[in-house]
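In: return a 3D structure for these sequence lines:
(one chain, ligands or ions: 1)
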Amino acid sequence: MLGEVGGRVACDSVVAPGSGGIPESRQGSVKRDNSTTKRFLAEAGICEGMHVLEIGCGGGEVTRLLAELVGPSGRVVALDRNEAALPTPPAPNVQFLAVDITGDLKSLEQFPRGSFQALAGRRVLMYLAEPAEVLGRLSEWLEGGALVVFEEADSTLVPGRLAPLPAHDQATEWFKSMLLAEGANPSMGFHLPATLARAGFHFAKVRGEAVIQGQGSQFPLADLLTMMKSRIVSAAIATAAEVDSLVERLRQEASDPTRVFVSDISFCAWAHTSGGTAASTGEPDPRKRR
Ligand SMILES: C[S@@+](CC[C@H](N)C(=O)[O-])C[C@H]1O[C@@H](n2cnc3c(N)ncnc32)[C@H](O)[C@@H]1O
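Out: Reported below is the predicted structural model:
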């Protein structure tokens, strides 16, 4: 069941910066490349046949990647508190459930305790006040030796550039302020390993990848700012006119493709629950724990 995942995923682009509690499938018509996430998940050990519990699935982009990696013999149960965001399951082995993971988990009682071999999510822990406590409660549904893998955006080190790019610098500051105003943690990536350990898991690895503007098919800052306009205005960070003006300046600054601007870092960390053996519990193949 837990053999090698076929074929490495090509790495040609990165995911967009943290984008609030809004399901990203609804944030505009721009299609994001998810190859970084797929590569992270495969390296962490998500593989064919696994039963995966995903939290904060939003529009289901990560759910689709998980379903692809576990294949028809695996299963993905994906949770989000925002029922309206939940899409139609892309495959018969995928189930979406409206659950607020900080609240009552009784709708998970339909699944036997210890029945999942992995717990996963992307850009959701940053919105939780007590992420370790939430993960600890969810661990009851994980079997011994299960994989716990999360990817989180982090803006601690940004803007990253050799010389100031005033409009780009301003946009990253506004995004950071917006996340703080919304109660999110813009440094969740750096906190990931300690959060997994505090939840009682055995930390295995952490990876980080720069989101570089203009490279790959992630959202350019001008598009991201347009999508985030209402949130920036409602957090009283800037007026609508100021946002529009910055969008124009961003487009002008972005015209030189040789200037490298790091707008975010995408971190992925993984860990395992105690107990279990590869033979009896489907613990991920140790060869995958690089
Ligand atoms: C930034 S979106 C990420 C969506 C998806 N994971 C992705 O990367 O494309 C964060 C998601 O977490 C969900 N979320 C936040 N807090 C939650 C909670 N307490 N319970 C369940 N879902 C939650 C939001 O509804 C939203 O869909």
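In: phi and psi next, for Ala67.
Out: phi -60, psi -40 (degrees, to the nearest 10).
In: average pLDDT across the longest strand along the chain?
Out: The strand that spans the most residues within the chain, counting by DSSP state E, is strand 142-154. Mean per-residue pLDDT for strand 142-154: 98.
In: do stretch 58-69 as well
Out: Mean predicted confidence for stretch 58-69 is 96.
In: and it, does that touch the ligand?
Out: Yes. Between stretch 58-69 and the ligand, judged by CB under 6 Å from any ligand atom, the touching residues are Gly58, Glu61, Val62. Placement of C-beta: from N, CA and C, glycine included.
In: test my guess that the last one contacts Ala120.
Out: When you say that, I think you mean Val62. Yes. Contact criterion CB atoms under 8 Å: Val62 and Ala120 qualify, at 7.0 Å.
In: tell me, what's touching these two both at once?
Out: Leu41, Glu54 (CB atoms under 8 Å, 6 or more residues apart in numbering).
In: the more surrounded of the two?
Out: Using other CB atoms under 10 Å, the more surrounded residue of Val62 and Ala120 is Ala120, with 31 against 28.
In: that one bridge partners, please.
Out: Glu54, Val149 (DSSP bridges).
In: for whatever residue of the stretch 151-290 of the chain ends up closest to the ligand, list the residues it contacts.
Out: Nearest residue of the stretch 151-290 of the chain to the ligand (CB to the nearest ligand atom) works out as Glu151 at 7.5 Å. Shown in contact with Glu151 (CB under 8 Å, 6+ apart): Val15, Thr37, Phe40, Gly121, Arg122, Arg123, Ser266, Phe267, Cys268.
In: measure Ser266 to Glu151 for me?
Out: 6 Å (CB to CB, to the nearest Å).
In: could you give the number of residues near Ser274?
Out: Other residues close to Ser274 by other CB under 10 Å number 12.
In: in the stretch 101-250 of the chain, what residue lies closest to the ligand?
Out: For the stretch 101-250 of the chain, CB to the nearest ligand atom, closest residue to the ligand: Arg122, 3.6 Å.
In: am I right that that residue is in contact with Gly56?
Out: Yes. Counting by CB under 8 Å, Gly56 is a contact partner of Arg122 at 7.5 Å.
In: which parts of the stretch 151-290 of the chain are strands?
Out: Secondary structure of the stretch 151-290 of the chain (DSSP state E, counting those that start in this stretch): strands located at 202-212, 262-272.
In: touching the helix ranked longest in the chain from outside, list them.
Out: The residue-count maximum for a helix in the chain (DSSP state H) belongs to helix 166-181. With CB under 8 Å, 6+ apart as the test, helix 166-181 has contacts from 17-18, 20, 126, 155, 158-159, 161, 185-186, 213, 221, 224-225, 228, 231-232, 235-238, 246, 249-250, 252-254, 261, 263-264.
In: select only the buried ones of the residues you listed in ChimeraX?
Out: Command for ChimeraX that selects the buried part of the contacts of helix 166-181, burial taken from 16 or more other CB atoms under 10 Å:
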select :17,18,20,126,155,158,159,161,185,186,213,221,224,225,228,231,232,235,237,238,246,249,250,253,254,261,263,264
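In: need the residue closest to the centroid of the protein.
Out: Residue closest to the mean C-alpha point of the chain, counted by CA atoms, centre = their mean, is Arg122 at 1.7 Å.
In: relative to Tyr127, how far out is the nearest residue to Glu48 once chain neighbours are set aside?
Out: Excluding its sequence neighbours, the residue lying closest to Glu48 (CB to CB, 6 or more residues apart in numbering) is Gly71, at 4.5 Å. As judged by CB to CB, Gly71 and Tyr127 stand 30 Å apart.
In: repeat that for Ala42.
Out: 25 Å.
In: what of Glu242?
Out: 26 Å.
In: more crowded one of these two?
Out: Tyr127 (20 against 14).
In: around the ligand, pick out the residues from the stretch 51-200 of the chain.
Out: Along the stretch 51-200 of the chain, the residues adjacent to the ligand under the rule CB under 6 Å from any ligand atom are 56-58, 61-62, 79-82, 85, 100-102, 121-124, 127.
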